[in-house]
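K.L.:
Fold the stuff below for me.
(one chain, ligands or ions: 1)
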Amino acid sequence: MINIVIVGYGGMGHYHSTRIKTLPGYRLCGIFDIDPERVRLAVGDGIRAYASKEEIASDGSVNAVLIATPNDTHGEYAEYFAAAGKHIICEKPASMTHEAFDAMAAAADRSGVKLAVHQNRRCDSDYLTAFSVIDGGKLGRVYRIDSRVMGANGIPGGWRKKKRRGGGMMLDWGVHLIDQICYAGFTAPKTVNCRYSHALGFEVDDGFELTMLFDASEEQKNRYFPEVEINLEVNTNAFIKLPRWTVFGEKGTLTLDDFETGGRMTVYMRTDELLLAEQRGNGLTKTMAARPESGVRSIAVENLASDYNRFYTAFRESVENNAELFVKPGEVGRVIRIMETAAASAKKGRTIKFKD
Ligand SMILES: NC(=O)c1ccc[n+]([C@@H]2O[C@H](COP(=O)([O-])OP(=O)(O)OC[C@H]3O[C@@H](n4cnc5c(N)ncnc54)[C@H](O)[C@@H]3O)[C@@H](O)[C@H]2O)c1
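P.N.:
Below is the predicted model:
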């Protein structure tokens, strides 16, 4: 049984509480928050509020904590609760630097407790669908993948706009999008080029465009070109939405519209129909004319089903049966190092090599 306390009962802490209450093998022991308003809310929700971290540490009935505080406080709590012998789920990004994460992981190792970082978007069905379509082969070998998330709400919340508190979209959404790419097998970019957006005038990035080039591994070569371009984009000031995913293969293109609704792939068909030049704008073109109708096939793509409880189940399995963690510390550290390389590229204004 995972007897867990949630540290930080804000938006995400509350969300975790609603999920955990329904999970077999979990018992929500309580929460801890420094904001009396959030404490009142928890008590109103029928949840015990711990008065301090010391009270949680000394409660022998608690064997795990879930850290859902602002990003600059994760390390301090993780090291404290590791020393107290509590297993840890930590929200993403686990930390703002790879050194800080290494210290968290080392503290967990020293105390023999599990440290699992909540990279939940590995289970997003749009993500699973995109890579399953690639593996299915209908697109031919893939040479470019665009993954983007777009909103028009700016950056919500106070701490998210502060650099020293770990705000900014790279640390917020970049960590998810990069983790998805690494988890799909693209772990070591050759080069990284990143441009941060400051369109909204905050001290932190309100979005970014990140291009990474990868060499396909031997195992990937039947599905990918030898060199694969992966573009990640986060935009918080876009009043329209471009597709969540666009995947370019030699024989077709896939678009998935958003997180839920799926999309379509348009694939190459051999045709004897002639390609005719058309007027497009104020000129004539064959290159940009529509492909003859018999020369393409459009296939609807539905999102795959996904087990949204997988992270929690795997954490319980790792605590109770020493099973492998779903999100391993080495994977977390790597994503943080890619984010650091992206930040360095944005600062220098040029492409830089990723040091593995
Ligand atoms: N994995 C995901 O999908 C996802 C989604 C949203 C947020 N998050 C992560 O969850 C964490 C929290 O984000 P949020 O959106 O819930 O923020 P939030 O501001 O809504 O909540 C943070 C809570 O922590 C409390 N808090 C602040 N400092 C504290 C401290 N020192 N000790 C105890 N409590 C403290 C605040 O009072 C607040 O209630 C962040 O790390 C964020 O990146 C993850």
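
K.L.:
Mind listing what's buried along stretch 10-26?
P.N.:
Within stretch 10-26, the residues that count as buried by 16 or more other Cβ atoms under 10 Å are 10, 12, 13, 14, 16, 17, 19, 20, 23, 26. C-beta here means a position set from N, CA and C on the backbone, and glycine is covered the same way.

K.L.:
Could you list which of those belong to strands?
P.N.:
Under the assignment DSSP state E, the buried residues of stretch 10-26 contribute residue 26 to strands.

K.L.:
Close to the ligand as well: tell me which of the buried residues of stretch 10-26 qualify.
P.N.:
Filtering the buried residues of stretch 10-26 for proximity to the ligand by Cβ under 6 Å from any ligand atom leaves 10, 12, 13.

K.L.:
Can you tell me, leaving aside adjacent residues, what's nearest to the last one?
P.N.:
Spatial nearest neighbour of residue 13, excluding adjacent residues (Cβ to Cβ, 6 or more residues apart in numbering): residue 68 at 3.9 Å.

K.L.:
before we move on, what about the second one?
P.N.:
Nearest residue to residue 12 in three dimensions, chain neighbours excluded: residue 68, at 4.5 Å (Cβ to Cβ, 6+ apart).

K.L.:
Doesn't residue 204 belong to a helix?
P.N.:
No: the assignment for residue 204, made by DSSP: H, G, I helix; E, B strand; the rest coil, is coil rather than a helix.

K.L.:
how near is residue 210 to residue 269?
P.N.:
Separation of residue 210 from residue 269 (Cβ to Cβ, to the nearest Å): 34 Å.

K.L.:
Can you report how many residues lie near the closest residue to residue 354 other than its chain neighbours?
P.N.:
Spatial nearest neighbour of residue 354, chain neighbours left out: residue 189 (4.7 Å); criterion: Cβ to Cβ, 6+ apart. For residue 189, the neighbour count with other Cβ atoms under 10 Å is 24.

K.L.:
quick one on the thing from earlier: I figured the residue nearest to residue 13 hits residue 91, correct?
P.N.:
Yes: between residue 68 and residue 91 there is a contact under Cβ atoms under 8 Å: 4.8 Å.

K.L.:
Mind listing the shared neighbours of the two?
P.N.:
Common contacts of residue 68 and residue 91 (Cβ atoms under 8 Å, 6 or more residues apart in numbering): 8, 12.

K.L.:
hey, where'd the strands end up in the stretch 201-350 of the chain?
P.N.:
207-215, 224-235, 245-249, 252-256, 263-268, 278-279, 284-285, 296-301 (DSSP state E, counting those that start in this stretch).

K.L.:
Would you mark the buried spots in the last one?
P.N.:
For strand 296-301, the buried set under the neighbour-count rule, 16+ other Cβ under 10 Å, comprises residue 301.

K.L.:
cool, the fifth one as well?
P.N.:
Neighbour-count burial for strand 263-268, with 16+ other Cβ under 10 Å as criterion, is recorded at 263, 265, 267, 268.
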